[in-house]
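Undergrad: My questions concern the predicted model and sequence given below.
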Amino acid sequence: MHKFLIIVLLILGMKLSAQELNCVVLINSAEIGVSNRKIFDNMQNDIFEYMNNTKWTSSVYKTHERIDCSLTINILEAISANSFRGSLQLKVSRPVYNATYTTSILNFNDNDISFNYQEFQPLVYNENSFESNLVSILTFYAYTILGYQADTFGYKGGENFFQLAENVVNVAQQGGGVGWNRIDGNYTRYQLNENLLSPVYEQYRKTMYEYHILGLDRMVDNTREAKEVMSKSIQDLQNLYNDRPNTFLIRVFFDTKGDEIVDVFSDGPRIDTSQLREVLSRIYSSYDEKWKEIKM
């Protein structure tokens, strides 16, 4: 009986300490020809285990509270038997309150990643010293996922996670990999993290908060009012655009939310979308054909 109680308590303890991420991992190596194809299966499994079984926070997450996300790593070149170059696509979503619908909160393409992977070697992160570029990339995105999710529930709610991601950036610079430094370009891990933490781009994070918690999450209770809030939150990005016309985060926002914006404002109770369409065409003209689908 005593042993039975211990087993039950252990099982309950495992459930109570469910990790934070529910991450689907895909390694796409179709572009390259290597003799050892098994290495990519092992790589996919090791990354899956690292993302989903690492305890990223001190909070207790129930199984249904885990954050849905996916990592697709496209291997474009095998530099050596254990060294690879490619790209990464990250997608993160969360459920909408009182609905069966899930909303995308981040859709981000990292077009230049390189890393070494040694089969059967554990992936271990050390916050104070550089271990490997692969571990740094995965850890950076884990904290970024947590930060984005928290930002949709509270204004700047993900600040601590973005700061943890910043620490990853700082330590990873020791390894000399691309994407960790200011000089590496405008659409990098460094740029994403720097922008998220900069007071200059606070409007982006305010929009993320208002759009989700004050808009989407209230659609069931009062659809018209929720759509008005969402419309205003999107239009407020014009303030950021006026100061920084080519800001990276505006592109990130509309790459993530573009289709959803069209769907929301083309269905249900109508509101006046004339000003919204005007602002959308001004601050993100790349989607002009898409914006035309929004009903006036």
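TA: Yes, it's here.
Undergrad: Just say helix, strand or coil for residue 122.
TA: Three-state assignment for residue 122 (DSSP: H, G, I helix; E, B strand; the rest coil): coil.
Undergrad: Sketch out the low-pLDDT regions of the stretch 1-150 of the chain for me.
TA: Across the stretch 1-150 of the chain, the ranges flagged by pLDDT under 70 are 1-17, 35.
Undergrad: where along it do the helices fall?
TA: Here the stretch 1-150 of the chain has its helices, by DSSP state H, counting those that start in this stretch, at 2-16, 38-53, 133-151.
Undergrad: now what about the helix or strand that the last one is followed by, what contacts it?
TA: To tie it back to what came earlier, the one meant is helix 133-151. Downstream of helix 133-151, the first helix or strand assigned by DSSP states H and E is helix 159-172. With contacts defined as C-beta atoms under 8 Å, 6 or more residues apart in numbering, helix 159-172 is touched by 127-130, 133, 136-137, 139-140, 143-144, 146-147, 150, 180, 189-190, 193-194, 196-197. Yep, even glycine has a C-beta here, placed from its N, CA and C like the rest.
Undergrad: Report the buried residues of the next helix-or-strand element following helix 159-172.
TA: Counting by DSSP H and E, the next helix or strand C-terminal to helix 159-172 is helix 189-197. Buried residues in helix 189-197, defined by neighbour count with 16 or more other C-beta atoms under 10 Å: 189, 190, 191, 192, 193, 194, 195, 196, 197.
Undergrad: Need the winner for burial among the helices of the stretch 1-150 of the chain.
TA: Highest mean neighbour count of the helices of the stretch 1-150 of the chain: helix 133-151, a mean of 24 (counted as mean count of other C-beta atoms under 10 Å).
Undergrad: And for residue 106, the neighbour number?
TA: Other residues lying near residue 106 total 25 when counted by other C-beta atoms under 10 Å.
Undergrad: How about residue 169?
TA: Neighbour count for residue 169, taken as other C-beta under 10 Å: 19.
Undergrad: Determine which two of the buried residues of helix 189-197 are furthest apart.
TA: Distances among the buried residues of helix 189-197 were taken as C-beta to C-beta; the most separated pair is 189 and 197, at 12.7 Å.
Undergrad: Alright, calling it a day.
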